[in-house]
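Engineer: got a predicted model here, sequence first, then my questions.
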Amino acid sequence: MKVLLGLGGRADGFDALEATLTRCHEAGDDLTVAVLDTASDEDPDSVAGTVRERVAESGVDADVRTLSGHPGSVLTELAEEEGFDRIVLGGGERTPLGKITLGEVAEFVLLNADVSVTLVR
Amino acid sequence: MTRNYPDEPAGEFETPPTTFTDAEGRDVTVRAADADDVAALVEMYEAFDPADRAQGIPPVGTEAISEWLDGLIGHGSVDVVAEHDGSVVGHATLVPDHDDGYELAIFVLADYQGAGIGTRLLECLLGHGRERGVEKVWLTVERWNRAAVSLYRSLGFETTGAESFELEMALRLGDAPDGAD
């Protein structure tokens, strides 16, 4: 399966990266990781550096790219143009009380993508 | 994340304990709760209708419920419970965030909803919170939950964030800040 993981530097995105790398090992997915320019404080280039390190350590052969522009729409566009089977995203963060809150990217992608979307919890 | 709060503090709220007769004629007591009440709260949440869950809470299953409550109660939270016939039928809580604010949530068992218990629980929670020095309160609510949104509004909550699936609302309990905040 051709999988596109999008993340912007938040903790739930890195959790999704770990889960996706594990699955790639088991299922032999063809993985692309897209680092998005989100509103988080993290600089996309430094996030991409961290992602490349984790990918290398895991032994999975994945393509890591940095995408600029509106994060939800550039991710969805890439998935459709290059024929990905699935978009994977972080499953949202938790409030102090434990409520799940979805990020802006997840909301946009869920409502706009033509391909299946997995939120990693 | 910086949250916005109304400039003006909300009005007076009653403080626990209080006993009243609900709209179904049941005698209900609202009182402050602490870590000693966790066992009774676990029992209440085990009976909670999954259709009334909000954004993943309460969790499902005794173990997950206990773990969730143990992480909140006794760690700076402010809690009130509603009791009827010796059982806890409702719970409202203020949980500290990392920014001097408190996140609010309320849960009432299905058989006890629509009888005015939620309103009294919230009043007592906010009154008790003010006694304990809580100054700023926020919450998220699913936007289709119109009954909850109008209840929060009637207590003085204002909508502070409307750009995501959930609506964010906030209320000030402490004195108005000097100048703009």
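Structural biologist: Looks like it arrived, so ask away. The shown structure was predicted, so the numbers you read here are calculated from the model rather than taken from an experiment. Residues are numbered from 1 along each chain as shown, chains lettered A, B, ... in the order given.
Engineer: who's in contact with residue 2?
Structural biologist: All of this refers to chain A. A:29, A:30, A:32, A:82, A:83, A:84, A:85, A:86 (Cβ atoms under 8 Å, 6 or more residues apart in numbering or on different chains). Any C-beta I mention is one placed from the backbone N, CA and C, and that applies to glycine too.
Engineer: the chain in question should be chain B.
Structural biologist: Contacts of residue B:2 (Cβ under 8 Å, 6+ apart): residue B:99.
Engineer: just say helix, strand or coil for it.
Structural biologist: coil (DSSP: H, G, I helix; E, B strand; the rest coil).
Engineer: so how far is chain A from it?
Structural biologist: 13 Å (Cβ to the nearest Cβ, to the nearest Å).
Engineer: quick check: residues of chain B near chain A?
Structural biologist: B:54-57, B:59, B:68, B:71-72, B:93, B:95-98, B:103, B:105, B:140, B:163-166 (Cβ under 8 Å from any Cβ of the partner chain).
Engineer: and the buried ones among the contacts of residue A:2, selectable in ChimeraX?
Structural biologist: Selecting the buried subset of those in ChimeraX, with 16 or more other Cβ atoms under 10 Å in any protein chain shown as the burial test, is done by:
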select /A:29,32,84,86
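Engineer: now the contacts of residue A:2 in a markdown table, with pLDDT, distance to residue A:15 and secondary structure?
Structural biologist: As requested, those are arranged in a markdown table below (pLDDT from 0 to 100; distance: Cβ to Cβ, whole Å; DSSP: H, G, I helix; E, B strand; the rest coil):
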| residue | pLDDT | distance to residue A:15 | secondary structure |
| --- | --- | --- | --- |
| A:29 | 94 | 17 | coil |
| A:30 | 96 | 21 | strand |
| A:32 | 97 | 18 | strand |
| A:82 | 97 | 25 | coil |
| A:83 | 96 | 26 | coil |
| A:84 | 97 | 20 | coil |
| A:85 | 97 | 21 | coil |
| A:86 | 97 | 17 | strand |
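Engineer: where exactly do the helices run in chain A?
Structural biologist: A:11-27, A:44-58, A:71-81, A:104-112 (DSSP state H).
Engineer: should've said chain B
Structural biologist: Using DSSP H, helices in chain B cover B:38-46, B:62-72, B:117-131, B:146-154.
Engineer: worst mean pLDDT among these?
Structural biologist: Of all the helices of chain B, mean pLDDT reaches its minimum on helix B:146-154 (a mean of 92).
Engineer: for that one, buried residues please.
Structural biologist: Buried residues in helix B:146-154 (16+ other Cβ under 10 Å): B:148, B:149, B:151, B:152.
Engineer: now do the contacts for the last one.
Structural biologist: Residue B:152 makes contact with B:122, B:139, B:141, B:169, according to Cβ under 8 Å, 6+ apart.
Engineer: now the first one: how far from residue A:107?
Structural biologist: Here the criterion is Cβ to Cβ, to the nearest Å. By it, residue B:122 lies 28 Å from residue A:107.
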